[in-house]
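Student: sequence and predicted structure below; questions after.
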Amino acid sequence: MTERHDSGRRLHYLFEVGQASDGASMTEIDARDRQALGLLSETVTAELGPASVVAREVNRAYRSGRQADLRTASAAFDALPGWQRSRIGGDAARRAKRLKSRLLQGTARDWRDLPGGEERITIPSPPRFLRPKPQR
């Protein structure tokens with residue numbers, strides 16, 4: 001995409017206007033932020049209750065994935081007292097750590113499933129000229 005600019009030089013955009021560089025629409029929240037917003041939504045609902053305006057707005061932003069809803073949820077969350085925002089943020093961080101540790105459990109590779117997984121590998125000893133000389 002090219003466009004004429006008042007300086008007379010042509011501008012070349014790396015991505016379509018209205019699109020993020022990864023191709024996602026700029027009106028939508030990216031996947032990682034949306035995942036974090038889901039954790040925050042659970043935490044806000046647990047702390048303030050599902051009938052809270054803040055909990056509803058954060059949940060709406062999570063479900064819709066739209067930037068406009070995220071701005072509304074952000075304004076509602078920022079209206080909370082500082083001590084409450086801090087407590088909710090700490091609880092959300094603890095939930096994220098627990099989730100991460102659960103996801104990382106059991107990720108060790110079981111080599112026995114692969115063909116030849118039961119075979120032993122013998123590593124030959126290095127040649128004498130590569131071995132360090134004994135110190136006297």
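Tutor: Cool, the structure landed. Residues are numbered from 1 along each chain as shown.

Student: shaky segments in the chain?
Tutor: Residue ranges of the chain with pLDDT under 70: 1-27, 106-114, 116-118.

Student: what do you get if the cut-off is 90, keeping everything else the same?
Tutor: The chain contains residues with pLDDT under 90 at 1-36, 65, 98-136.

Student: what are the ranges of the strands in the protein?
Tutor: For the chain, the strands defined by DSSP state E cover 2-4, 10-12.

Student: nearest residue to the middle of the protein?
Tutor: Central residue of the chain (Cα atoms, centre = their mean): Arg32, 3.6 Å from the mean position.

Student: and the helices in the protein?
Tutor: 31-48, 53-64, 67-78, 82-104 (DSSP state H).

Student: out of the ones you listed, nearest to Arg128?
Tutor: When these are compared by Cβ to Cβ, helix 82-104 sits nearest Arg128, at 43.7 Å. For the C-beta atoms, the positions are set from N, CA and C on the backbone; glycine is no exception.

Student: hmm, back to that, contact partners for the residue nearest to the centre of the chain?
Tutor: By Cβ atoms under 8 Å, 6 or more residues apart in numbering, no residues touch Arg32.

Student: distance of it relative to Ile123?
Tutor: With the distance defined as Cβ to Cβ, to the nearest Å, Arg32 ends up 41 Å from Ile123.

Student: same check, this time on Ala31
Tutor: Taken as Cβ to Cβ, the span from Ala31 to Ile123 is 43 Å.

Student: what about these two, which has more around it?
Tutor: Neighbours were counted for Ala31 and for Ile123 using other Cβ atoms under 10 Å; Ala31 has more, 11 against 5.

Student: how about Ala73, what does it touch?
Tutor: Residues counted as contacts of Ala73 (Cβ under 8 Å, 6+ apart) are 37, 54, 57-58, 60-61.

Student: tell me which of the helices of the chain is the most buried.
Tutor: helix 53-64 (a mean of 20; mean count of other Cβ atoms under 10 Å).

Student: give the other helices and strands that it contacts.
Tutor: Using 3 or more Cβ pairs under 8 Å, 6 or more residues apart in numbering; DSSP states H and E, the elements in contact with helix 53-64 are helix 31-48, helix 67-78.
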